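1. Structure here, sequence nowhere to be found:
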Ligand code: NAP
């Protein structure tokens, strides 16, 4: 049976490291890292994420500001708010919760955030720096995937990493991170997507499989190589009459079949999920350190 990669434990470890560093920064320089989260509209899932981010700041000693703006907020008003946060010295990280209402151009909003405060790592300047291998603010979930591997003593160097999914928030950045000629990376990376007529030849060749497609339990153990490391980024709700809430959360990988062939695997929930906020806290601390020299 595969080793279960406990994302909750690893995320807690990172959060504790951030908490200690934040306290030290405050004690030595009187500086408190600050994160602003802007939520436009009342999407319930986004609301939960925003609350979790505020709570994490509180627990780790960061200053946090949460702006809840109505769904009718104009793009101009949102850009104005972003400009204010860019200029606010108490704020080191800015996160505008996606998705935004249809009448707001997401790319324009992302590009309005000062790249040194872009703790989501989505600004084109940070995307470019990531690709050319410069130190930068990296997207939280992909950076969390690398941490999960390294803190589980799995070095991707020289391994064939197959990333399934090419979104700008997961697939592309995780591939960019792991392909770098850097410590903790240096993998041979393949990105698969819907352009593949048959995914199986790619899946079976993976030493490390990173699934980020949003198709519940669509990748099965039968399609994988014995000993593969499985990092399942996908999170989907499936109906389950036996569950209290009437549904359960599953990943893109069929856990029961994959865990009989894999050497290590992340569960869903409790794998990649908890890493995102931990890495957001780490990015905010990093942005603050840059600002404060
Ligand atoms: P997305 O923007 O919908 O992108 C999905 C990608 O998967 C696309 O590139 C798509 O290919 C590809 N794809 C879809 N079906 C496929 C198939 N059958 N075969 C091969 N490729 C396929 O999704 P995302 O934002 O990257 O998120 C992916 C999953 O990760 C979702 O379940 C999401 O909830 C989860 N997620 C979790 C976290 C977290 O744990 N913190 C964070 C972010 C996302 P095309 O480009 O060809 O359409």
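-> Good, I have the coordinates. What you are looking at is a predicted structure, and each value in this text was computed from that prediction instead of being measured.
2. hmm, who's touching stretch 169-186?
-> 121-122, 127, 130-131, 133, 138-139, 141-143, 145-146, 149-150, 155-158, 161, 163-166, 187-189, 191, 193, 210, 212, 233 (Cβ atoms under 8 Å, 6 or more residues apart in numbering). Any C-beta I mention is one placed from the backbone N, CA and C, and that applies to glycine too.
3. hmm, 7 Å instead?
-> 130-131, 133, 138-139, 141-143, 145-146, 150, 156-158, 161, 163, 165-166, 187, 189, 191, 210, 212, 233 (Cβ atoms under 7 Å, 6 or more residues apart in numbering).
4. Next: stretch 17-29.
-> Residues outside stretch 17-29 that contact it (Cβ under 7 Å, 6+ apart) are 31-33, 60-62, 281-282, 285, 292.
5. how about 10 Å then?
-> 31-33, 56-57, 59-63, 278-286, 288-289, 292-293 (Cβ atoms under 10 Å, 6 or more residues apart in numbering).
6. and if you look at stretch 234-250?
-> 164-165, 170, 211-219, 232, 251-253, 267-273.
7. what's the closest non-adjacent residue to the residue of the stretch 1-150 of the chain found nearest the ligand?
-> Going by Cβ to the nearest ligand atom, the ligand is nearest to residue 141 of the stretch 1-150 of the chain, at 4.1 Å. If the residues on either side of it in the chain are set aside, residue 141 comes closest to residue 276, at 4.8 Å by Cβ to Cβ, 6 or more residues apart in numbering.
8. Hmm, residue 138 and the one you found touching each other?
-> No. Counting by Cβ atoms under 10 Å, residue 276 stays clear of residue 138, with 12.0 Å between them.
9. Report the entries of the contacts of stretch 234-250 that also contact the ligand.
-> Checking the contacts of stretch 234-250 against the ligand by Cβ under 6 Å from any ligand atom, the ones in range are 164-165, 170, 212-215, 272-273.
10. What segments of the stretch 51-200 of the chain are strands?
-> 63-69, 93-96, 160-164, 188-192 (DSSP state E, counting those that start in this stretch).
11. Reformat the ones you listed into a markdown table and put mean pLDDT next to each item.
-> Shown next, in a markdown table, are these (pLDDT from 0 to 100):
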| stretch | mean pLDDT |
| --- | --- |
| strand 63-69 | 97 |
| strand 93-96 | 98 |
| strand 160-164 | 99 |
| strand 188-192 | 98 |
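12. Rebuild those as a markdown table, extending it with mean neighbour count.
-> What follows is those, written out as a markdown table (neighbours: other Cβ atoms under 10 Å):
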| stretch | mean neighbour count |
| --- | --- |
| strand 63-69 | 16 |
| strand 93-96 | 26 |
| strand 160-164 | 25 |
| strand 188-192 | 18 |
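13. So which bits of this structure are right by the ligand?
-> 141, 164-167, 169-171, 192-195, 199, 212-215, 233-236, 272-273, 276.
14. 8 Å - rerun?
-> 140-141, 144, 164-171, 192-196, 199, 211-215, 218, 233-236, 251-252, 271-273, 275-276 (Cβ under 8 Å from any ligand atom).
15. Inside helices: which ones of these?
-> With DSSP state H as the criterion, helices contain 140-141, 144, 171, 273, 275-276 from among the residues of the chain next to the ligand.
16. Now the buried members of the contacts of stretch 169-186.
-> Of the members of the contacts of stretch 169-186, the ones counted as buried by neighbours, 16 or more other Cβ atoms under 10 Å, are 130-131, 138-139, 141-143, 145-146, 156, 161, 163, 165-166, 187, 189, 191, 210, 212, 233.
17. Let me know whether residue 104 touches residue 97 as I believe.
-> No. The pair residue 104 / residue 97 is not scored as a contact, 11.8 Å apart, by Cβ under 10 Å.
18. which neighbours do these two share?
-> 40-41.
19. what about residue 152, distance to residue 216?
-> 24 Å (Cβ to Cβ, to the nearest Å).
20. report the longest helix in this protein, please.
-> In terms of residue count, the longest helix belonging to the chain (DSSP H) is helix 7-29.
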